[in-house]
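**Q** generate a structure from the sequence data that follows.
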Amino acid sequence: MDKIEIRKFTPQDRDWLLEQHKVHYANEEGFDDSFGVLVGSILDDFIADHDPGCEAGWIAWQGKQRLGSVFCVRLDEQTAKLRLFLLVPASRGTGLGRRMLDTCMDFARARGFGKMQLWTHESHRAAGALYAKAGWELGETKRVISFGKENVEQTWRIAL
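**A** All right, here's what the predicted structure looks like:
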């Protein structure tokens, strides 16, 4: 089996990443098409206007196959935001998620951010367990109707 590499996101990764989010969240979470619209907008904004000095995205690769993604973007002068964290099902439980999370957090630290934040849903229990194990703390929760269904939004934070 080929070694897993974590490479910088390029615009050529956009369509794959959008499709992965749409398919995964439709199949596993029951999200409607509005979720794909949101992810496409996030990706397009990143491609068009990210600051490479303090923002980056990564794609995990094994040979010629993409396995997952994670992004670090600036929320404000002191806070980085983790976005678009995804692993294909076959990569879950392998330690790759922690490796990608560490890559993102290390980048934020190296760019001088003092804290990080992320937004997710309560149904992403495995991701929540990973964040907690890495020292993140669950902040606000909010019941909402989003992406065509009832959800509980979560905000997680960590001091770097």
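**Q** going by C-alpha atoms from here, please, whenever you check contacts or count neighbours.
**A** Noted.
**Q** how about the contacts made by residue 5?
**A** With contacts defined as C-alpha atoms under 8 Å, 6 or more residues apart in numbering, residue 5 is in contact with 60-62.
**Q** that one belongs to a strand, doesn't it?
**A** Yes: according to DSSP: H, G, I helix; E, B strand; the rest coil, residue 5 belongs to a strand.
**Q** relative to residue 107, which of the contacts of residue 5 is nearest.
**A** Nearest to residue 107, judged by C-alpha to C-alpha, of the contacts of residue 5 is residue 60 at 15.5 Å.
**Q** now for the helix or strand residue 35 falls within, which elements pack on it?
**A** Secondary-structure assignment from DSSP states H and E places residue 35 in helix 33-49. In this structure, helix 33-49 makes packing contacts with helix 14-29, judged by 3 or more C-alpha pairs under 8 Å, 6 or more residues apart in numbering; DSSP states H and E.
**Q** do that again at 10 Å, thanks
**A** helix 14-29, strand 56-62, strand 65-74, strand 79-87 (3 or more C-alpha pairs under 10 Å, 6 or more residues apart in numbering; DSSP states H and E).
**Q** and of these, who's closest to residue 159?
**A** Once those are compared by C-alpha to C-alpha, strand 79-87 is nearest, at 9.1 Å.
**Q** and that closest one with strand 65-74, angle?
**A** Inter-element angle recorded for strand 79-87 and strand 65-74: 170 degrees (by axes from the mean of the first three to the mean of the last three C-alpha atoms, to 10 degrees).
**Q** in strand 79-87, what counts as buried?
**A** 79-87 (16 or more other C-alpha atoms under 10 Å).
**Q** hmm, back to that, highest neighbour count among the contacts of residue 5?
**A** residue 60 (24 neighbours; other C-alpha atoms under 10 Å).
**Q** isn't that residue right next to residue 98, touching?
**A** No: using C-alpha atoms under 10 Å, residue 60 makes no contact with residue 98, being 12.0 Å away.
**Q** before we move on, the earlier item: can I get the helices and strands packed on helix 33-49 in JSON lines with distance to residue 107?
**A** Shown next, in JSON lines, are the helices and strands packed on helix 33-49 (distance: least, C-alpha to C-alpha, whole Å):
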{"stretch": "helix 14-29", "distance to residue 107": "21"}
{"stretch": "strand 56-62", "distance to residue 107": "8"}
{"stretch": "strand 65-74", "distance to residue 107": "8"}
{"stretch": "strand 79-87", "distance to residue 107": "10"}
